[in-house]
Structures are given as structure tokens and as C-alpha cells.
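Peer 1: A structural model of the following input is requested.
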Amino acid sequence: MANIKSAKKRIGVIEKKTAINRRVKNSLKGTIKGFERAVAAGDIDTAKEKLALAEKKLMKAAAKGTIHKNAASRKVSRLTKAFNKAKAE
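Peer 2: This is a model prediction of the structure:
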């Protein structure tokens, strides 16, 4: 446990940021899973909407520093690739 007042304050800040990041990441996982379910079901219209939402959330998370911007771009690329493959079939 921290003894210095500023260190004690930082512990509280870190806990808040960790909680926010965890919520954002869980939301991302749910959005991506929703997209993957739509692709698996062959519902192209729903998948298109879910892809746009997933891309928006990923880029926002990257902008806020929750995930790295290259990781967000990589995930968007893979989702888009999966969507295009499903659309072609």
C-alpha cells in the first residue's frame, strides 16, 4: 500500500481508468462477436451494419488509447476481409 499522498491518489485514478478500459474492451468484444454471428448466419445486411459499428468503436478505442492504433487497424482489416469473403459467397 502506498504511503505518499500523491501515490494514494494515483491508485484511485488507475482503478478508474482500468474500469473504463475494461468496459470499452468488453463492448468491443461483444460488437465483434455480433458481426461474426451475422457473417456465420449469412445475413449480409446485418453484417454490414455491424461492421460499420465495429470499425467506429475500434477506431474510437484506438483514439482514446485503450488499444493500439495498429491493433485496431488490423482488426478492422480482418473483419472487412471476412465480410468481403462472405459477400462473395
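
Peer 1: Once you drop chain neighbours, what's closest to the most centrally placed residue in the chain?
Peer 2: Centroid-nearest residue in the chain: residue 28, 3.1 Å away (criterion: CA atoms, centre = their mean). In space, and not counting its chain neighbours, residue 28 is closest to residue 57: 5.6 Å by CB to CB, 6 or more residues apart in numbering. For glycine as for every other residue, the C-beta is placed from the backbone atoms N, C-alpha and C.

Peer 1: Tell me the helix or strand right after the helix or strand harbouring the one you found.
Peer 2: Using DSSP states H and E, the element containing residue 57 is helix 44-64. Using DSSP H and E, the helix or strand that follows helix 44-64 towards the C-terminus is helix 69-88.

Peer 1: and the angle for that following helix with helix 44-64?
Peer 2: Helix 69-88 and helix 44-64 are oriented at 170 degrees to each other (axes from the mean of the first three to the mean of the last three CA atoms, to 10 degrees).

Peer 1: Helix, strand, or coil at the spatially closest residue to residue 86 that is not a sequence neighbour?
Peer 2: Leaving aside its sequence neighbours, residue 86 sits nearest to residue 39 (CB to CB, 6+ apart; 4.7 Å). The three-state label given to residue 39 by DSSP: H, G, I helix; E, B strand; the rest coil is helix.
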